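Colleague: Here you go, sequence then predicted model.
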Amino acid sequence: MSYSPQGFRMLPTAVKHLLIINIIMFLGSLALVRVGGYQGVVITNLLALWPAGSPMFRIWQPLTYMFMHAGFDHLLGNMFALWMFGYLLENIWGTRRFLIYYILCGIGAGLLNMLVMHMTGSVSPTVGASGSIYGILLAFGMMFPNELIFLYFLVPIKAKWFVIGYAALELFLGVFSTGDGVAHFAHLGGMLVGLILILLWRRRHRDSYDRYNRW
């Protein structure tokens, strides 16, 4: 749990491999659809997250959906955020804990989104690493609350207000926005699971966290 400047890396193991896997999955899905046509679409759709009542739903989808993306801009935004906020967390937490956190946030985001889809009667699939990314964003805000984040690379804002603002915006959009094609409750689900994990780890390792004054 300790921070080691000697071992600090700008592209640590988990972040690097997550970037590679997401890029490969994106390029592979494009190639599969292009070559396989309708059959390729069916195969890639089986990796997306469908509502539990859908005939397209499969048990592995709460895991695989987080490695699929709807377009290049979707992929780029998520992967940039993964590196920007994730590399520091992995250096501090270690690869194993960071990867567990990332995966559980993504699965939790998917499950909450499935619940919302069931309640609203949605039949659309969900893809993207955003649930995990929002969990990482929450962790960054909790560990470095007073660090400045430059919104749109111009406007400085403290990390804690950045996270709180994003959570409030996602809740508002999730409740009042319709048909925008964004899984806002998946984002909130990632943050919720992240918060639960961090509070549990904080309770178990209070001495280590307090020593570095991160919380």
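Modeller: On my side now, so go ahead.
Colleague: Which parts of the chain are helices?
Modeller: Defined through DSSP state H, the helices belonging to the chain, from first to last, are 13-36, 38-45, 61-64, 72-93, 95-120, 130-143, 159-176, 184-204, 206-212.
Colleague: what's the longest one packed up against?
Modeller: With contacts taken as 3 or more Cβ pairs under 8 Å, 6 or more residues apart in numbering; DSSP states H and E, helix 95-120 sits against helix 13-36, helix 61-64, helix 72-93, helix 130-143, helix 184-204. (Each C-beta comes from the backbone N, C-alpha and C, glycine too.)
Colleague: re earlier: can you tell me which of the helices of the chain comes nearest to Phe150?
Modeller: Of all those, it is helix 159-176 that lies closest to Phe150, at 9.9 Å by Cβ to Cβ.
Colleague: what mean pLDDT does the closest one have?
Modeller: Confidence for helix 159-176, expressed as mean pLDDT, is 88.
Colleague: same question, stretch 198-210
Modeller: In the prediction, stretch 198-210 has an average pLDDT of 73.
Colleague: ok, now stretch 133-150?
Modeller: In the prediction, stretch 133-150 has an average pLDDT of 93.
Colleague: Could you give the number of residues near Val158?
Modeller: Actually, residue 158 is Lys. It isn't Val. Applying other Cβ atoms under 10 Å, we find 15 other residues in the vicinity of Lys158.
Colleague: do Leu195 as well
Modeller: Quick note: Leu195 (other Cβ under 10 Å) scores 16 neighbours.
Colleague: Could you pull up the contacting residues of Gly36?
Modeller: Contacts of Gly36 were listed using Cβ atoms under 8 Å, 6 or more residues apart in numbering, and they are Ile43.
Colleague: how much space between the closest residue to Phe140 other than its chain neighbours and Met79?
Modeller: Once flanking residues are discounted, Phe140 sits nearest to Phe85: 4.4 Å by Cβ to Cβ, 6 or more residues apart in numbering. Between Phe85 and Met79 the distance is 12 Å, computed by Cβ to Cβ, to the nearest Å.
Colleague: which residues touch Ile136?
Modeller: Contacts of Ile136 by Cβ under 8 Å, 6+ apart are Ala81, Leu82, Phe85, Gly86, Leu89, Tyr101, Tyr102, Cys105, Gly194.
Colleague: surely Pro145 meets Ile157?
Modeller: No. Judged on Cβ atoms under 8 Å, Pro145 makes no contact with Ile157 at a distance of 11.5 Å.
Colleague: Tyr87 versus the residue nearest to Pro51 when sequence neighbours are not counted, what's the distance?
Modeller: What sits nearest to Pro51 in space, not counting adjacent residues and going by Cβ to Cβ, 6+ apart, is Met117, at 4.4 Å. Relative to Tyr87, Met117 is positioned 32 Å away (Cβ to Cβ).
Colleague: what about these two, which has more around it?
Modeller: The residue with more neighbours, out of Met117 and Tyr87 and counting by other Cβ under 10 Å, is Met117; that gives 23 against 19.
Colleague: could you list every residue that touches the more buried one?
Modeller: Contacts here follow Cβ under 8 Å, 6+ apart; on that basis Met117 touches Pro51, Val123, Ser124, Thr126.
Colleague: Please consider this matter closed, and thank you.
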